[in-house]
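> 3D, please:
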Amino acid sequence: MGITSCCRCFILALLWFQSQGSESSAFSNWYVEECCDWEGVEYFFYHLRSDSEPWFPNATLFAQFRDLQELELPRNNIGGFISFHAFRKLKYLRKLNLRNNSIQNGSNLCWGKYLSLYNLDLSSNNLFGSINSCLGNMTSLRLLDLSGNQFSGYFPFLIISNLTNIESLFLSSNELQGMISLCVFANLSRLSELDISFNHLEVETEMMSPSCFPSFKLSTLSLGGCNVKKISPWMLHNITSELWLSGNNLTGLFSSNFQNITSKLTLVDISDNFLHGTLPEDINLNFPEPRHLGLSNNSFNGNLPIFFSELLQMLDLSDNQFHGGIPHGMTSNMSCLLYLRLFGNNLTGDLFPKNSSLPNLRGLYLNNKHLSETFPYALSKSMELGIIDIRNNDLSGELSSYLPVLPKLKVLVLDRNRFEGKILMQICQMRDLSILDLSKNDLSGDIPDYVGNVTSWNSDTLLFLNGIDVSCNRLTGKIPIQMTRLKGINFLNVSNNLLTGQIPSSLGNMTILESLDLSHNNLSGVLPQELVGILSLEVFDVSFNNLSGMIPIGEQFGTFEDDSYLGNPRLCGLPLKIKCNDSVETSPIYSTAEKSVSIIIRTMYSELITQEEGSDAILHCHKRISQNYRSI
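Residues are numbered from 1 along each chain as shown. So this is what the prediction gives:
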């Protein structure tokens with residue numbers, strides 16, 4: 001009876017048992033039919049995937065499944081196979097998927113003259129050295145994916161030329177080198193997808209000579225980072241779907257590269273090149289059917305184009321030199337648009353023109369320095385929004401008057417604007433919010449209690465970068481006790497405000513916190529010993545407050561240097577040079593601690609973890625949190 005991928009979980013269970021030293025008799029009460037419904041199988045599948053060390057299953061376990069047609073074992077941390085020659089017995093195997101494992105030895109995966117594989121996926125492993133010539137014997141292959149490994153040496157011309165049935169070839173993100181022409185693929189008549197991006201290759205794209213004219217029509221060509229210097233006309237006429245040319249050496253005017261071209265490409269990515277000049281107002285005439293248009297990080301200037309295809313889903317014009325306003329056509333006639341990236345330009349005027357409507361927008365990136373007016377009311381119609389990044393502009397007004405409740409919002413980044421008023425109540429209604437950055441505005445009032453109601457901040461299982469930054473405003477009052485319920489955030493920055501009162505001891509409940517900045521406020525009292533329980537804490541700053549008493553002892557507090565405590569003249573204890581006397585004020589927990597602990601702490605110092613932004617912490621707002629979300 002034939003066994004296909006429906007029994008994948010059964011095979012994984014066999015492998016797991018074998019790795020535990022169990023005998024095959026353990027499966028005597030299992031039957032081939034409906035094997036994926038057998039009791040306990042799902043458990044073995046999960047346990048296998050969660051294994052932290054590479055393991056080496058015995059390939060002889062597969063030999064009994066002589067009619068096996070598909071074998072898929074991705075993301076299981078397999079380091080290789082014992083008795084790998086046993087795979088030769090799988091005469092009917094057509095698909096082998098071993099992607100996202102830890103395999104290093106590629107020679108153990110050559111069964112070309114024994115098997116008639118159609119699909120072989122070895123992507124995202126640790127394979128290194130030259131690509132083994134035995135792959136050239138696997139002439140039945142239709143898909144070969146070796147991307148995301150460490151293959152080196154010169155490009156394997158001879159091996160590839162033997163794969164006469166190949167339809168999809170992926171060799172990207174390796175260490176292959178050399179100068180090649182696309183002519184080497186010209187006789188692969190069935191080739192449809194080709195990706196050789198991000199190696200150390202220099203690719204010549206011209207294929208118009210009689211001896212080199214291609215026998216195929218590619219649907220997808222990916223040549224990112226291939227030192228391509230010219231866009232050949234055949235690429236725009238013979239590629240039917242996707243053209244990836246990012247990170248090359250394309251130069252000249254846009255018009256000289258695409259003059260009189262009307263392409264049916266659905267994806268064009270020429271980002272990270274050296275193209276310049278203006279874009280035509282009716283760029284949709286060049287690309288009437290694109291879903292994705294990526295022109296970022298070039299030197300395009302002038303006004304933004306007015307007309308785009310109504311089918312466009314992704315538009316990235318970021319990091320260029322465009323100026324002027326955002327045209328109405330960009331925000332009113334593109335109902336399919338999902339992602340709009342215009343940051344890093346010199347745009348001026350209103351953030352969105354009046355009567356804008358982007359109902360399906362999911363990501364908005366408009367860090368531009370000069371856009372003005374208030375928070376765009378048009379976004380109230382964009383209920384699919386997950387990311388809003390409109391930092392570093394000149395937006396103003398009372399934020400609470402304009403920000404809509406967006407139920408799917410995960411990232412809200414509004415720092416370095418001129419928003420006023422209180423922190424808005426709408427926050428508590430956006431339960432999936434992960435990142436809130438309202439820093440460097442002119443907000444005032446208390447930090448509201450309801451920030452503790454955001455669901456994604458209450459779970460201590462971190463699935464995303466989570467945190468709050470409201471630094472450099474004019475917030476007053478105390479740190480609300482409800483904020484300490486936020487067990488699911490890993491950074492909190494309330495520095496450079498006017499906060500008063502004591503630091504709540506319950507901050508120690510924020511067990512996955514990595515960065516805590518309370519500096520430059522008017523906080524008083526002692527530092528709670530409970531903070532020592534935040535074992536993940538790497539950045540800690542309470543400088544320039546009115547704190548007193550002994551600095552907590554234990555765990556990671558041995559790694560913080562004295563700049564974490566500057567500007568608090570009544571603090572004492574290590575790492576400060578001010579010694580504590582017997583009457584010094586301490587937190588309740590620390591008052592019962594043994595004095596000998598202060599000796600142990602001397603051995604726990606490590607080099608400074610944190611890094612300052614800016615040269616003067618007193619005169620400039622500074623944050624010492626992870627900046628990873630800046631590139632989201």
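> for residue 569, grab the count of nearby residues.
When neighbours are counted by other Cβ atoms under 10 Å, residue 569 registers 11. (C-beta placed from N, C-alpha, C; glycine too.)
> do you know how far it is from residue 546?
In this structure, residue 569 and residue 546 are 9 Å apart, going by Cβ to Cβ, to the nearest Å.
> what do you get for residue 386?
Note on residue 386: its distance to residue 546, by Cβ to Cβ, is 41 Å.
> repeat for residue 187
Residue 187 sits at a distance of 78 Å from residue 546 (criterion: Cβ to Cβ).
> and if you look at residue 532?
From residue 532 over to residue 546 the distance is 22 Å, taken as Cβ to Cβ.
> quick one, which of the two is more surrounded?
Under the criterion of other Cβ under 10 Å, the comparison of residue 532 against residue 546 puts residue 532 first, with 19 against 15.
> enumerate every residue touching residue 418.
For residue 418, the contacting residues are 394, 395, 396, 441, 442, by Cβ atoms under 8 Å, 6 or more residues apart in numbering.
> in TSV, list those residues along with pLDDT and secondary structure.
What follows is the contacts of residue 418, written out as TSV (pLDDT from 0 to 100; DSSP: H, G, I helix; E, B strand; the rest coil):
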residue	pLDDT	secondary structure
394	91	coil
395	90	coil
396	90	strand
441	94	coil
442	94	strand
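> ok, which stretches of this structure are helices?
Using DSSP state H, the helices of the chain run over 8-19, 41-49, 157-161, 233-238, 254-258, 328-332, 597-600.
> and the contacts of the third one?
It refers to helix 157-161. Contacts of helix 157-161 (Cβ under 8 Å, 6+ apart): 131, 133, 135, 136, 166, 169, 180, 184, 185, 187, 188.
> for ChimeraX, what selects the buried ones among the residues you listed?
A single ChimeraX command selects the buried members of the contacts of helix 157-161 (16 or more other Cβ atoms under 10 Å):
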select :131,135,136,166,169,180,185,188
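> not counting its neighbours along the chain, what's nearest residue 505?
Spatial nearest neighbour of residue 505, chain neighbours left out: residue 528 (3.8 Å); criterion: Cβ to Cβ, 6 or more residues apart in numbering.
> give me the distance between that neighbour and residue 503.
Computed with Cβ to Cβ, the distance linking residue 528 and residue 503 is 6 Å.
> the two: which is more packed in?
Neighbours per residue, other Cβ under 10 Å: of residue 528 and residue 503, the larger number sits with residue 503, 24 against 20.
> surely that one touches residue 522?
No. In this structure residue 503 lies outside contact range of residue 522 using Cβ atoms under 8 Å: 11.9 Å.
> list the helices and strands the longest strand along the chain packs on?
When secondary structure is assigned using DSSP state E, the longest strand within the chain turns out to be strand 175-181. Under the contact definition 3 or more Cβ pairs under 8 Å, 6 or more residues apart in numbering; DSSP states H and E, strand 175-181 sits against strand 150-154, strand 200-204.
> quick one: least confident helix or strand in this structure?
helix 597-600 (a mean of 23; mean pLDDT, DSSP states H and E).
> quick revisit: how about the contacts of helix 157-161 in a markdown table, adding pLDDT and distance to residue 203?
Output for these, formatted as a markdown table (pLDDT from 0 to 100; distance: Cβ to Cβ, whole Å):
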| residue | pLDDT | distance to residue 203 |
| --- | --- | --- |
| 131 | 92 | 17 |
| 133 | 87 | 23 |
| 135 | 89 | 21 |
| 136 | 88 | 21 |
| 166 | 96 | 18 |
| 169 | 97 | 14 |
| 180 | 92 | 6 |
| 184 | 88 | 10 |
| 185 | 90 | 11 |
| 187 | 86 | 17 |
| 188 | 91 | 16 |
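> and of the contacts of helix 157-161, the nearest to residue 285?
The closest of those to residue 285 turns out to be residue 185 (Cβ to Cβ; 30.5 Å).
> excluding its backbone neighbours, what's nearest that closest one?
Leaving out its chain neighbours, the residue that sits closest to residue 185 by Cβ to Cβ, 6+ apart is residue 191, at 6.0 Å.
> and that neighbour, what does it touch?
Applying Cβ under 8 Å, 6+ apart, one finds that residue 191 lies in contact with 166, 167, 169, 185, 216, 218.
> how many neighbours does residue 454 have?
A total of 23 residues lie near residue 454 under the criterion other Cβ under 10 Å.
> for residue 455, same thing?
Under the neighbour criterion other Cβ under 10 Å, residue 455 is assigned a count of 12.
> that one reaches residue 429, doesn't it?
No. The criterion here is Cβ under 8 Å, and residue 455 misses it with residue 429 at 10.7 Å.
> okay, now the unreliable bits of this protein?
When residues are selected by pLDDT under 70, those of the chain lie in 1-52, 112, 208-211, 459-464, 582-632.
> ok so, going back, dump the contacts of residue 191 into JSON lines; add distance to residue 56 as well.
Compiled in JSON lines, these are given as follows (distance: Cβ to Cβ, whole Å):
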{"residue": "166", "distance to residue 56": "30"}
{"residue": "167", "distance to residue 56": "32"}
{"residue": "169", "distance to residue 56": "29"}
{"residue": "185", "distance to residue 56": "36"}
{"residue": "216", "distance to residue 56": "40"}
{"residue": "218", "distance to residue 56": "38"}
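> for residue 109, grab the count of nearby residues.
Quick note: residue 109 (other Cβ under 10 Å) scores 21 neighbours.
> wait, what's in contact with it?
Taking Cβ under 8 Å, 6+ apart as the contact definition, residue 109 lies against 84, 98, 103, 122, 132.
> in ChimeraX, how would I select just the buried ones from those?
For selection in ChimeraX, the members of these meeting the burial criterion (16+ other Cβ under 10 Å) are listed in this command:
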select :84,98,103,122,132
